[in-house]
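# Mind folding the following:
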Amino acid sequence: MSTVSASRRRRLCIALPVVALAATVSAAAQAQRLPLAGLGFVTRHTGFEVALKLNMFGEISKPVVVAQNAERMTLSGIHNDTPWSLEFTIIRQDFAGNLRVVSRLRSGDEVLASPIRNATVGQRVVVRADDDFNVAMVIRRV
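The predicted structure follows:
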């Protein structure tokens with residue numbers, strides 16, 4: 001009886017690592033099929049078209065830029081000898097079109113607004129310092 005239990009024990013010791021390896025390979029194969037989101041999605045996404053409406057003390061401009069996922073974009077200019085800048089990053093959260101928009105609006109060295117907004121593709125996102133200094137953007141897929 002001791003030879004049978006030793007034989008079973010030996011087979012079990014050989015079978016356990018094989019089963020563990022098979023489970024690991026199967027889990028890894030399934031994980032590769034799952035969609036990537038957030039920063040890991042950078043290489044698979046072509047970008048966003050961002051239609052901006054910049055209102056700087058009554059001077060309105062409407063540039064359209066193309067931004068890549070998780071890429072920091074910077075627009076800047078000068079108004080009455082004071083430099084201003086708008087920085088924003090659009091991060092795709094999932095395949096449903098949910099986005100996170102991180103932005104910073106500056107005048108000179110002063111940060112006027114730095115909101116982080118959750119939005120969807122096509123939704124209007126506003127970065128407002130005051131009534132005379134604000135930005136609205138509509139984000140679309142490219």
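# So which residues of the protein form helices?
Ranges of helices within the chain are 2-33, based on DSSP state H.
# quick check: domain ranges of it?
2-34, 39-141 (automatic domain parsing).
# And residue 59, how far from residue 79?
Residue 59 sits 7 Å away from residue 79, going by C-beta to C-beta, to the nearest Å. Bear in mind the C-beta positions are built from the backbone N, C-alpha and C, glycine included.
# returning to that earlier point: mean pLDDT for the domains of the chain: which is lowest?
Per-stretch mean pLDDT for those is lowest at domain 2-34 (a mean of 55).
# What is the burial count for residue 113?
17 (other C-beta atoms under 10 Å).
# cool, and residue 114?
13.
# Next up, the contacts around it.
103, 104, 105 (C-beta atoms under 8 Å, 6 or more residues apart in numbering).
# 10 Å - rerun?
Residue 114 sits next to 87, 102, 103, 104, 105, 106, 127, 129 when contact means C-beta atoms under 10 Å, 6 or more residues apart in numbering.
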